[in-house]
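Asks: Would you be able to build a 3D model of this:
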Amino acid sequence: YGFTFTSEFIPRFEWNRNYQSWSSQHPNWAVEGGRASRLNTTIFEWQINNILKWNKTYGIHSFDVTMVQNAEKYQYWRDYIYRQRFLPSDVLGYHRVQAASENLEISSDDQVSTGDALLARLNYTLMSRYNITTSFRRDGYSAFGQSNPRASFWSAAGGWTISEESFFKVPWIDQLKLRFSYGSNGNRGVGIYDALSDLGTGKFLLITGGTIGYVSQLYTNRMSNSKLKWERTTAYNTGIDFSVLKGRLRGNIEAYMMVTKDLLIPRKLPDITGYASVFSNMGQVNNRGFEIALNSVNLSSNDLSWTSDFSLSFNRNKIVHLYGDFKTDPVTGETT
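Replies: Prediction:
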């Protein structure tokens, strides 16, 4: 019936152990009574892909359908201890760090993130000359704000092989194809916890009644943004592929326009807020241009082959706005 099903489980394990000792027998560390450190890092991540495909041809109609379900998880653990001045001896080094009397650093860092996706794609071909491709996907990522953990993206593309038409009678043109596409995709390039507020710890000196001591403190050092969402790029593309003189000259001409909105940028905040910045979706960037690529076979024989490649491209990247403070001219339609 043309159906195939594939299930994948892709795990990754990484362990790192870095233990070091600086002996007090060495003159450089004798005064410090020796130093020792222990670093333990563990990474475990996995990805599951369930892929269902259907491929079938009915006469002049060809169908190719792909559906994908994806899930992923990333976990990271890090423990670090760095101490000095071992008593009565540092002969055991990092095997007995509790024998040290001074802490240089004790820290830990645990992180976790999850993601999921659903994808559907249809590729339809009629008479080997008309082609239509549509796709839809919905992605989720735990790093985004609680209001927008998921986003939907879709695309559509079409192609017409004009040289396969019965009315096309140009003998020196081997292939001539016109294609166009429209679609959107997302960027999740943001830190695992950048959308959340986090707590910092520290100590300050307190003098009360002639008594001096350290007091622990707890404070927020980052502003949260529950509405942080996916950065989105929408692209328009049209092109022509051709081959002439029995493959002696091949090439393509392509023009494109890309609009990127809701860029993931740390936005600076006034000092009065108590925060330096907050991760936000800001601005719009337009990217447009064209590309021309040519390949020629100048000489081809059993003993010698000579080919040439030529390419020309033009690209213009424009920051339309950064904070949403833009206006559109009613006459020219230009955004400033």
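
Asks: low-scoring stretches of the protein, by residue?
Replies: Scanning the chain for pLDDT under 70 picks out 324-336.

Asks: For the residue positioned nearest the centre of it, what is the enclosing helix or strand?
Replies: Centroid-nearest residue in the chain, with Cα atoms, centre = their mean: Gly189, separated by 4.9 Å. According to DSSP states H and E, Gly189 maps onto no helix or strand at all.

Asks: and if you look at Asp194?
Replies: Going by DSSP H and E, Asp194 is not part of any helix or strand.

Asks: Identify the residue nearest it in space, chain neighbours excluded?
Replies: Phe279 (4.3 Å; Cβ to Cβ, 6 or more residues apart in numbering). Every residue, glycine included, has its C-beta placed from N, CA and C.

Asks: ok, back up a step: give me every residue that touches the residue nearest to the residue nearest to the centre of the chain when sequence neighbours are not counted.
Replies: Excluding the flanking residues, the one nearest Gly189 by Cβ to Cβ, 6+ apart is Leu264, at 6.0 Å. By Cβ atoms under 8 Å, 6 or more residues apart in numbering, the contact set of Leu264 is Asn187, Gly189, Val190, Leu228, Glu231, Phe279, Asn281.

Asks: What are the boundaries of the strands in the stretch 51-200 of the chain?
Replies: Applying DSSP state E, counting those that start in this stretch to the stretch 51-200 of the chain gives strands spanning 61-86, 100-126, 130-141, 150-161, 173-187, 199-208.

Asks: helices or strands next to the longest one in the packing?
Replies: Put plainly, it is strand 100-126. The helices and strands touching strand 100-126, judged by 3 or more Cβ pairs under 8 Å, 6 or more residues apart in numbering; DSSP states H and E, are strand 61-86, strand 130-141.

Asks: that older thread, buried ones among the contacts of Leu264?
Replies: Taking 16 or more other Cβ atoms under 10 Å as the criterion, what is buried in the contacts of Leu264 is Val190, Leu228, Glu231, Phe279, Asn281.

Asks: State the helix or strand in which the residue nearest to Gly189 lies.
Replies: strand 249-268.

Asks: these two touch, right, Asn148 and Lys227?
Replies: Yes: Asn148 lies in contact with Lys227 (Cβ atoms under 8 Å); the separation is 6.2 Å.

Asks: Which one's more surrounded, those two?
Replies: Asn148 (18 against 13; other Cβ atoms under 10 Å).

Asks: Just put the contacts of Leu264 in CSV and tack on distance to Ile43.
Replies: Shown next, in CSV, are these (distance: Cβ to Cβ, whole Å):
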residue, distance to Ile43
Asn187, 23
Gly189, 19
Val190, 19
Leu228, 25
Glu231, 26
Phe279, 24
Asn281, 29
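
Asks: ok, the residue nearest to Gly189 to Tyr219 distance?
Replies: 25 Å (Cβ to Cβ, to the nearest Å).

Asks: now do Leu299
Replies: 74 Å.

Asks: Which elements pack onto the helix or strand in which Ser311 is found?
Replies: In the assignment (DSSP H and E), Ser311 maps to strand 305-321. Applying 3+ Cβ pairs under 8 Å, 6+ apart, one finds that strand 305-321 makes contact with strand 277-300.

Asks: if we can go back for a sec, compute the inter-axis angle for the strand holding Ser311 and strand 249-268.
Replies: Going by axes from the mean of the first three to the mean of the last three Cα atoms, to 10 degrees, strand 305-321 is angled at 30 degrees with respect to strand 249-268.

Asks: Alpha carbons of strand 305-321, as CSV, please.
Replies: The C-alpha coordinates for strand 305-321 follow below in CSV (Å, rounded to 0.1, in the frame of the first residue of the first chain):
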residue,chain,number,x,y,z
SER,A,305,37.7,18.0,-19.4
TRP,A,306,37.3,21.7,-19.0
THR,A,307,34.4,23.3,-17.0
SER,A,308,33.7,26.8,-15.8
ASP,A,309,31.6,28.2,-13.0
PHE,A,310,30.2,31.7,-12.6
SER,A,311,28.1,33.2,-9.8
LEU,A,312,26.7,36.6,-9.0
SER,A,313,24.8,37.6,-6.0
PHE,A,314,23.3,40.7,-4.5
ASN,A,315,21.9,41.0,-0.9
ARG,A,316,20.5,43.9,1.0
ASN,A,317,19.9,43.6,4.8
LYS,A,318,17.8,46.3,6.4
ILE,A,319,16.8,46.8,10.1
VAL,A,320,13.2,48.0,9.7
HIS,A,321,12.7,48.8,13.4
